[in-house]
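*Asks:* pasted the sequence and its predicted model underneath.
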Amino acid sequence: MTEFPEGGRAGRDDGLGSGWHSPVPPDHPAAALLSAEAVRTRCAVVTDFVASGESELFTWHPDRVHAIADYVAATIRRRYPTLQVPYHSRWRHFESGGPGQATINRWQILCERAGMSGPEHREERARIGIDLVIPSVLLDAGAGPDWRYRDAASDMMLTRSEGLGVASFDLFARGGFSAGQGDPLRSDADRLCRIDASTIASAFQVAQHNPLVGLEGRAGLLRRLGEVMQDTPAVFGSPARLGNLYDYLASHAREGRIEASFVLRTLLVALGPVWPGRLQIQGISLGDCWRHPAAPEGMVPFHKLTQWLTYSLLEPLEDAGLTVTGLDALTGLPEYRNGGLLYDFELMVPRDATFASRAHAVDEPEIVEWRALTVTGLDLIADGVRQALGLSEADFPLARVLEGGTWAAGRRVAAQRRPPGGPPPFAIQSDGTVF
């Protein structure tokens, strides 16, 4: 086992040797798939395949891009009249105030109560933020239409991503991921390894009348997270704590700057072994990567949750003084709201008229193709939105287009077309680890 600096801080190891559960050297055949560039380029290949008319599953209608961009721009102006749009990240869900309610800065309240709000605590505050946001993102898969969470502090009833966010926040604040008595605000491998379905069910108020989709999958994912952390001391230290990721990233920053692509690659290599039963190349799990006949080697990656996690790390890293550069190297997230928006506006149209009436598995060619078209479509929409708003890519990166933005517009159009509640346009069977 690799030795690390005093205090269990993560050491400098670039994934080429010891200290990693599954190191992925640059020349490993899996390495080419573990990047946002691979997501974007392979999705573009699938899109070209559909646009050429070769697909038996979807048709592609780029003439719809302008209308979608206008709808998204109007949504942004409604939600953020000054165009001061935050990043698309898990932190927005922690602020949920319920329908018609002002946002609640639960994070600020938590830090003040813990005496961690001053500038002298910014590095430890970043570790705590990472401790919070990683398990929360892993618990963010679709909740299902019938689940609700009552926020005791405000007596609000929250659903879907907002409910999952606040429920996981409350569990973290109570020390649900901590292995240390009297030190609740941390996520330790020793504790995560012992998480079971009943722990999640109790914390998330699950009952017969309040079912949560993928309960066992969520608990299993957290247990596997704990196991992988213990086997990855290069990033998470020893004893393993999620917050030690901050020290690993800070040690690789140059003059306080770090590339978003480096953050994503770190997460893909460090957390890749967490994902269950997925495609592998020579022993390396490819995570959110699926088969499609038009893609190179027949595989197209999306890395949706890992990119969502990367977006969600921006705020704690920046709070600690790091500048994350190259944000638009990341892609849009191919999930219900973004992909539903483009589907509802008929950017992609299924050839099978019964497509929306059937439930689909995540690995079906139809779903893989829809997700690939979504990634490409979001780049096109982002360009149109910036033109409509008169903003540059530097001033309005994709992370803000998504938040302002396509995700909110997807929810808005769903509510207009499928009241009440605005469910997605079609159903995907989820085990709680993808959507």
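*Replies:* That came through, no problem. Bear in mind that the values here come from a model prediction, so they are computed numbers and not experimental data.
*Asks:* how far away is Gly237 from His252?
*Replies:* Distance from Gly237 to His252, counting by CB to CB, to the nearest Å: 15 Å. For the C-beta atoms, the positions are set from N, CA and C on the backbone; glycine is no exception.
*Asks:* which of these two has more neighbours?
*Replies:* Gly237 (25 against 14; other CB atoms under 10 Å).
*Asks:* now do stretch 89-104: everything it contacts.
*Replies:* Contacts with stretch 89-104, where a contact means CB atoms under 8 Å, 6 or more residues apart in numbering, come from 86, 105-107, 133, 136-137, 140, 151, 154, 156-158, 161-166, 169, 308-309, 311-312, 314-315, 399, 403.
*Asks:* list the buried ones in that stretch?
*Replies:* Within stretch 89-104, the residues that count as buried by 16 or more other CB atoms under 10 Å are 89-98, 104.
*Asks:* now stretch 147-165: buried residues?
*Replies:* Buried residues in stretch 147-165, counted by 16+ other CB under 10 Å: 147, 149, 151, 156, 158-165.
*Asks:* cool, stretch 112-131 as well?
*Replies:* Neighbour counts over stretch 112-131 (16+ other CB under 10 Å) mark 116-117, 121, 123-131 as buried.
*Asks:* what's the closest of those to Val362?
*Replies:* Distances from Val362 to the buried residues of stretch 112-131, taken as CB to CB, are shortest for Ile130 (27.3 Å).
*Asks:* mind giving me the domain split of the protein?
*Replies:* 1-29+89-252, 34-87+263-435 (automatic domain parsing).
*Asks:* report all helices and strands that the helix or strand hosting Leu132 contacts.
*Replies:* Assigned by DSSP states H and E, Leu132 belongs to helix 122-138. Using 3 or more CB pairs under 8 Å, 6 or more residues apart in numbering; DSSP states H and E, the elements in contact with helix 122-138 are helix 106-113, helix 160-173, helix 215-230, helix 245-252, helix 304-319.
*Asks:* which strands or helices does the first one pack on?
*Replies:* Other helices and strands packing on helix 106-113, by 3+ CB pairs under 8 Å, 6+ apart, are helix 91-94, helix 122-138, helix 160-173.
*Asks:* quick one, grab the pLDDT at the closest residue to Leu333 other than its chain neighbours.
*Replies:* Excluding its sequence neighbours, the residue lying closest to Leu333 (CB to CB, 6 or more residues apart in numbering) is Lys304, at 5.2 Å. According to the per-residue confidence, Lys304 scores 93 in pLDDT.
*Asks:* how about the strands in this protein?
*Replies:* All strands of the chain, identified by DSSP state E, fall at 58-60, 149-151, 156-158, 257-259, 280-281, 284-285, 289-291, 299-301, 323-325, 348-350, 360-361, 428-429.
*Asks:* mind putting these into CSV with distance to Thr374?
*Replies:* Output for the strands of the chain, formatted as CSV (distance: least, CB to CB, whole Å):
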stretch, distance to Thr374
strand 58-60, 11
strand 149-151, 28
strand 156-158, 26
strand 257-259, 24
strand 280-281, 24
strand 284-285, 23
strand 289-291, 13
strand 299-301, 12
strand 323-325, 24
strand 348-350, 8
strand 360-361, 14
strand 428-429, 13
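*Asks:* winner for burial among the ones you listed?
*Replies:* strand 299-301 (a mean of 24; mean count of other CB atoms under 10 Å).
*Asks:* run through who's touching it.
*Replies:* Counting by CB under 8 Å, 6+ apart, 33-34, 38-39, 42-43, 45-46, 279, 286-292, 368, 372 sit against strand 299-301.
*Asks:* output the lowest mean pLDDT helix or strand found in this structure.
*Replies:* Using mean pLDDT, DSSP states H and E, the weakest-scoring helix or strand in the chain turns out to be strand 428-429, at a mean of 88.
*Asks:* just the buried residues of stretch 381-394, please?
*Replies:* 381-382, 384-386, 388-389, 391.
*Asks:* please report the distance of Arg412 from Arg337.
*Replies:* Counting by CB to CB, the gap from Arg412 to Arg337 is 9 Å.
*Asks:* more crowded one of those two?
*Replies:* More crowded of Arg412 and Arg337, by other CB under 10 Å: Arg337, with 22 against 19.
*Asks:* which ones are touching the closest residue to the more buried one other than its chain neighbours?
*Replies:* In space, and not counting its chain neighbours, Arg337 is closest to Gly410: 3.4 Å by CB to CB, 6+ apart. Shown in contact with Gly410 (CB under 8 Å, 6+ apart): 336-341, 344.
*Asks:* again with Ala240
*Replies:* Ala240 makes contacts with 188-190, 226, 229-230, 232-233, as judged by CB under 8 Å, 6+ apart.
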